[in-house]
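Undergrad: Requesting a structural model of the entry that follows:
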Amino acid sequence: MQRVKSVGDIVDSQCTRCKALLNHTIVAMVAGQVVRVKCNTCGSEHNHRPAKEAKEPKPAATRTAAARTSSTGAAPRARAGRAPAQSDESIWEEMIRPLDPDHAVPYNMAGRFKTNSLMAHPSFGTGVVVSCQSGKVEVVFKTGRKLLRCGC
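TA: A predicted model of the protein is given here:
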């Protein structure tokens, strides 16, 4: 049996000043519920914040090949009409091979760039311009694709 709590009793509460779960003295109760408490450590008075119950972590769901099959038993769909995805580094190597790195234009946010031209960026290195849109240019660098601001 649990004893009924009343004003003046000690209860655990999350202190708003100490930022910790500490002992508090009950100051006010409404309909048998603790509403206001006073921290026994720092003396601050605030609304009662009960201790949160720890949630049990859910086991990570792993998908097996059997789980990926549909209810009819069919195998998972392959990408229709697409070749396996290439890494950005391999795409960059293919695109930069025919171009001369000495002709790379330094990146400037107000600069204008042409498709299939080289760009020299201070952080990302040498890249190939893939497309120019209004105010943006997409560039493939060795580390990946970047969308940069430009004066296009």
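Undergrad: For residue 8, give me its contacts.
TA: 25, 26 (CB atoms under 8 Å, 6 or more residues apart in numbering). Placement of C-beta: from N, CA and C, glycine included.
Undergrad: Do you know the pLDDT at it?
TA: Looking at residue 8, its pLDDT is 90.
Undergrad: The one 3 residues further on too?
TA: Note on residue 11: pLDDT of 92.
Undergrad: I'd assumed residue 24 was in contact with it.
TA: Yes - Residue 11 lies in contact with residue 24 (CB atoms under 8 Å); the separation is 5.7 Å.
Undergrad: Tell me which of those two has more neighbours.
TA: More crowded of residue 11 and residue 24, by other CB atoms under 10 Å: residue 24, with 25 against 14.
Undergrad: So that one lies in a strand, does it not?
TA: Yes - under DSSP: H, G, I helix; E, B strand; the rest coil, residue 24 sits within a strand.
Undergrad: Can you show me the strands along this structure?
TA: 10-14, 21-30, 33-39, 45-47, 105-106, 118-121, 125-133, 136-141, 144-149 (DSSP state E).
Undergrad: so which of those comes closest to residue 88?
TA: strand 144-149 (4.5 Å; CB to CB).
Undergrad: List the strands paired with that closest one, with their directions.
TA: Strand 144-149 sits in its sheet next to strand 136-141 (antiparallel), going by DSSP bridges.
Undergrad: rewinding a little: which residues are in contact with both of residue 11 and residue 24?
TA: 37, 48.
Undergrad: For residue 26, list the residues it contacts.
TA: 5, 6, 7, 8, 9, 10, 11, 34, 36, 37, 48.
Undergrad: Tell me the bridge partners for the nearest residue to residue 95 once chain neighbours are set aside.
TA: Distance criterion CB to CB, 6 or more residues apart in numbering; nearest residue to residue 95, sequence neighbours excluded, is residue 128 at 4.2 Å. In this entry, residue 128 is beta-bridged to residue 118, residue 140, by DSSP bridges.
Undergrad: my guess is residue 128 contacts residue 92, does it?
TA: Yes - counting by CB under 8 Å, residue 92 is a contact partner of residue 128 at 6.7 Å.
Undergrad: which residues are in contact with both of the two?
TA: With CB under 8 Å, 6+ apart, residue 128 and residue 92 have common neighbours residue 140.
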